[in-house]
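> model this:
(2 chains)
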Amino acid sequence: MPSDAKPTPRPKIDPALRLLLDESEARASEPRESGQEEPVQATFTLCTPPGQRFLSAEDTARVVERLIDDAATKSDARPAHLKVFGNLQSFAIAAPPALLRQLIACEEIASAMANKQTEDLFIRPVDTPPAGGARKKQ
Amino acid sequence: MTVHSTLKMFGAAQVLVTLKHVAPGDKAALNKAKPAMKRVENHFAVRETSQVSMLAAEMSRTCGRRKSASAVRTYPNLGLMFGTVDATGYANLRKDPAVDSVTPAPALSLIRPVATLEVKKSKGLTWGLKRLGVKALWDQGYTGSGVLVGHLDTGVDAKHPALKGAIDAFAEFDMLGNRVPGAKARDSGRHGTHTAGTIVGRAVGTTAIGVAPGAKLASALVIEGGDVVARILGGMDWIVGTGAKILSMSLGLRGYRDEFLPLMQALRARGVLPVIAVGNEGPGTSRSPGNYALVLSVGASDAADDVAGFSSSQRLNRPDDPLVPDLVAPGDGVLSALPNGRYGRLSGTSMATPHIAGLAALLWDAVPAATMEQIEAAIFDSCKRPPSMPSERANRGVPDAKRALDALRIAVSGSSSLEALPPPQVIKRRRAARKAPKKRSKAARKTPKSERAAASKAPRKPRPRKKK
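Predicted coordinates:
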């Protein structure tokens, strides 16, 4: 039977984060490695529940705690670091890839990014010749 | 990004075409291949936003050379073509028998020299302040007083004479987004002091560099390396907590990336207007989040009233607000503060963005009850695009402080009579107009009363607005 319910929007996952998770898991599976997965740093933003403008700082903390507890149980892994950004309904986490994959699969997650980007986000100033010949005196 | 995904997102893509049957240096073969090359060239779309077209236009402007805009550059000795195609052109290229392969144009970026033109402070207002007409608002007593502006950057030198007393709060964040305890205001570079000076710089002697010299700044040091997301989130989270109404930020990932979208939604939902630089990679490029419909995206203009060559601009394949930036503001050779009491000129959309953040602060000072959407709409309504600026590059054009305040007052008084009132002289003018007998135009006299009533009830011509 067709449902009237709106489909849950696909979470926006940074390709760099997927790559980091794959690489970390591949390294852990190599025979010389200890088999321990090293923590991967990522940032997550939570979805805003329908009918609400945003999640309060208290609700954000509560949802993050629940999601991480569930993900830790399912993955049998613990986060090495967690920082909740209550005013942004977001959090930063360092955790084994298995735990992060569990988090990515949660429907409460709106987006996830690798904490360390390969690209510089800073829009640096440029050096330009004066416009229209001599630069106007200020 | 593949050519397909770029076409889907932007409706056009830059491609590199390798031609068949052209042996390097073989003049006879080259001449034989010329008709086929001409045919292949026709598959490229002529777009004024393509980098090739822009380079041609720049050459024409700066060197006085006449060069018609072209969407393709052919390198016959290499058997290569580089240009912009739309979906049809891409399909035709792939079918063309003279084409060996079509690949996405390599995403090379210039490592630009960063030079600061250090100068002695000069008298009067900077060209940017004059261009926005901010003095008209200062003269009415609006300087941004009581407005807190969020500033995510390389930090700020709070001891600079132009910034004394302007920094309300400062915070520094580590790589995992934790606030560094006891951090004192400092600039890890010079960018932050420069942008802070443009937003809230106080007049020193007769030199004025700040758009909103009465406003205050909540400044976070988040850029050192510029590649750590948690640090930026830590800064944003803190800025929301300070109660800032505006966020001025010059950060972004190249191309369209939707991972920042929920963050910008979170900012707007909390009443913070994100004013974001669109990027410095020229036409046909943009950065996220500066290319979201949800942010007030800012490009750069120069003192000659052209769009600065480096200023990014791009048309996105979306129904709402497809063109970025939303507007342009002074961003070339901008004089502002540098650390250790110095002054200097920098260029970039990062220099244009704080002009708009400052303008928003002036408007909020004038009409404290205005909503974020009203402030944004008033800035848009005030924009005018001079003929020297192509619409695909400048979008709405350059805002004007007085026009923006007029538009804001109309919007706010229309939405609630209890909110901020216009200045006394406007109230007087309106009262006088009400007392005077109305003169009906010739056309109005001919129009039946019923039609006039219907026309007055009809909605105004819709203009592109931001999604709420």
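> which stretches of chain A have low pLDDT?
A:1-9, A:30-37, A:127-138 (pLDDT under 70).
> quick one: the single longest helix found in it near chain B?
Counting residues, the longest helix in chain A under DSSP state H turns out to be helix A:57-75. No: Helix A:57-75 lies out of reach of chain B by C-beta under 8 Å from any C-beta of the partner chain, never closer than 8.7 Å. All C-beta atoms are positioned from the backbone trio N, CA, C, and that covers glycine.
> elements contacting that helix?
strand A:40-46, strand A:81-85, strand A:90-95, helix A:97-104 (3 or more C-beta pairs under 8 Å, 6 or more residues apart in numbering or on different chains; DSSP states H and E).
> and if we set it to 10 Å?
strand A:40-46, strand A:81-85, strand A:90-95, helix A:97-104, helix B:229-242 (3 or more C-beta pairs under 10 Å, 6 or more residues apart in numbering or on different chains; DSSP states H and E).
> Buried residues of the second one, list them for me.
What that stands for is strand A:81-85. Neighbour counts over strand A:81-85 (16 or more other C-beta atoms under 10 Å in any protein chain shown) mark A:83, A:84, A:85 as buried.
> Can you tell me the strand partners of that strand and which way each runs?
strand A:90-95 (antiparallel) (DSSP bridges).
> Now do the partner strand against helix A:97-104, angle only.
Counting by axes from the mean of the first three to the mean of the last three C-alpha atoms, to 10 degrees, strand A:90-95 lies at 160 degrees to helix A:97-104.
> Between strand A:40-46 and strand A:90-95, find me the angle.
150 degrees.
> distance between strand A:90-95 and the chain's centre?
7 Å (C-alpha atoms, centre = their mean, to the nearest Å).
> Repeat that for stretch B:179-195.
With C-alpha atoms, centre = their mean as the basis, stretch B:179-195 stands 24 Å off its chain's centre.
> Kindly check the end-to-end length of it for me.
End-to-end span of stretch B:179-195 (C-alpha to C-alpha, to the nearest Å): 22 Å.
> For it, what does the pLDDT average out to?
Taken as a whole, stretch B:179-195 has a mean pLDDT of 95.
> what do you get for stretch B:277-289?
On average, stretch B:277-289 scores 94.
> Report the buried residues of it.
In stretch B:277-289, counting by 16+ other C-beta under 10 Å, buried: B:277-289.
> In TSV: those residues, plus secondary structure.
Formatted as TSV, the buried residues of stretch B:277-289 follow (DSSP: H, G, I helix; E, B strand; the rest coil):
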residue	secondary structure
B:277	strand
B:278	coil
B:279	coil
B:280	coil
B:281	coil
B:282	coil
B:283	strand
B:284	coil
B:285	strand
B:286	coil
B:287	strand
B:288	strand
B:289	coil
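> Mind putting the residues you listed into a markdown table with distance to chain A?
Shown next, in a markdown table, are those (distance: C-beta to the nearest C-beta, whole Å):
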| residue | distance to chain A |
| --- | --- |
| B:277 | 5 |
| B:278 | 8 |
| B:279 | 6 |
| B:280 | 5 |
| B:281 | 9 |
| B:282 | 10 |
| B:283 | 14 |
| B:284 | 16 |
| B:285 | 11 |
| B:286 | 11 |
| B:287 | 7 |
| B:288 | 10 |
| B:289 | 10 |
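> Return the member of these nearest to residue B:38.
residue B:284 (24.0 Å; C-beta to C-beta).
> Could I get the pLDDT score of residue B:41?
88.
> Excluding chain neighbours, give the residue nearest to it in space.
residue B:72 (5.2 Å; C-beta to C-beta, 6 or more residues apart in numbering or on different chains).
> is it true that that neighbour touches residue B:39?
No: with contact defined as C-beta atoms under 10 Å, residue B:72 does not count as touching residue B:39 (11.9 Å).
> who's more crowded, those two?
Taking other C-beta atoms under 10 Å in any protein chain shown, residue B:72 and residue B:39 do not tie; residue B:72 has more neighbours (23 against 14).
> Give me the distance between residue A:52 and residue B:181.
33 Å (C-beta to C-beta, to the nearest Å).
> Between the two, point out the one with more neighbours.
Each of residue A:52 and residue B:181 has its neighbours counted (other C-beta under 10 Å); residue A:52 has more, 10 against 6.
> Helix, strand or coil: sort out that one for me.
coil.
> now do residue B:128
Going by three-state DSSP: residue B:128 is helix.
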